[in-house]
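In: structure for the following, please:
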Amino acid sequence: MNDAQQKGRLFVFAAPSGAGKTTLVHAVVTKHQERLRFSISYTTRQPRKNEADGVDYLFVDKDEFMRLRDEGEMLEYAEVFDNFYATSRSQVEKHLADGYDVILEIDWQGARQVRESMPECVSIFILPPSVEELQRRLRDRRTDSAEVIDRRLRDSLSDMAHWDEFDYVIINDDLNQAVADLEAVLLGKGHASATSNVALRRAVSRIIG
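Out: Here you go, the predicted structure:
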């Protein structure tokens, strides 16, 4: 936790499906639990067997989702894979006011909305080391049908085109190295991962083509 008089910082993460964002972010949060807090997203999709309400997501039906949206509770929201997702404005503002740094895991469209509402946020995009590795990760999940996997892959490739909208890019090849790169960004020492960094831009171009 930061100094009691200091407001926390908001870190916004986005990634294509299969980039390993959740694994990477959770690894960093586990190491820095004293100062980092997750924002738990609302979603209208059904929970998976390993997910718990209030832990992984705030599961609501569509009517409740729309009511909360209309009341201004959503910092951002989007429809992804036929389901709605949103960030709780009140939850984020409370954590920041309490001096905690807040982690948002959302898509690039939501990140754009958050930047408009809170331009002081730090935005981070996570990429796989290659398109081939992205394909392998999506197929190895074995939780989706072939049709869903193909759609996720198409959407992921489209999502990757938005990396340049973010302040930093983390290439998630080796998890330990990716964690170290992300920790540097959280500490304000992430020049090597800055989108403006020429070497980083070359690395991204090799991945995306």
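In: which strand or helix spans the nearest residue to V55 once chain neighbours are set aside?
Out: Distance criterion C-beta to C-beta, 6 or more residues apart in numbering; nearest residue to V55, sequence neighbours excluded, is I40 at 7.3 Å. Just so you know, the C-beta spots here come from the backbone N, C-alpha and C atoms, and that holds for glycine as well. Using DSSP states H and E, I40 falls within no helix or strand.
In: likewise for Q46?
Out: Using DSSP H and E, Q46 falls within no helix or strand.
In: which residue packs closest to it, ignoring adjacent ones?
Out: Once flanking residues are discounted, Q46 sits nearest to F59: 7.6 Å by C-beta to C-beta, 6+ apart.
In: which helix of this protein spans the most residues?
Out: In the chain, assigned by DSSP state H, the helix with the most residues is helix 146-160.
In: quick one: the residue nearest to Q46 and A52 touch, right?
Out: No. Here F59 does not reach A52: they are 9.2 Å apart, not a contact under C-beta atoms under 8 Å.
In: what about the two, which has more around it?
Out: F59 (17 against 9; other C-beta atoms under 10 Å).
In: residues near N83, how many?
Out: By other C-beta under 10 Å, neighbour count at N83 equals 13.
In: now do the contacts for it.
Out: By C-beta atoms under 8 Å, 6 or more residues apart in numbering, the contact list for N83 reads 43-45.
In: mind checking the SS state of E116?
Out: helix (DSSP: H, G, I helix; E, B strand; the rest coil).
In: any idea how far it is from V131?
Out: The gap separating E116 from V131 is 30 Å, by C-beta to C-beta, to the nearest Å.
In: between the two, who's got more neighbours?
Out: More crowded of E116 and V131, by other C-beta under 10 Å: V131, with 17 against 9.
In: let me know the secondary structure of E183.
Out: helix.
In: count the neighbours of it for me.
Out: Neighbours of E183 under the rule other C-beta under 10 Å: 15.
In: tally of neighbours for the nearest residue to it once chain neighbours are set aside?
Out: Distance criterion C-beta to C-beta, 6+ apart; nearest residue to E183, sequence neighbours excluded, is V28 at 6.2 Å. For V28, the neighbour count with other C-beta under 10 Å is 19.
In: next secondary structure element downstream of the host helix or strand of V28?
Out: For V28, the host element (DSSP H and E) is helix 21-31. Downstream of helix 21-31, the next assigned helix or strand under DSSP H and E is strand 36-38.
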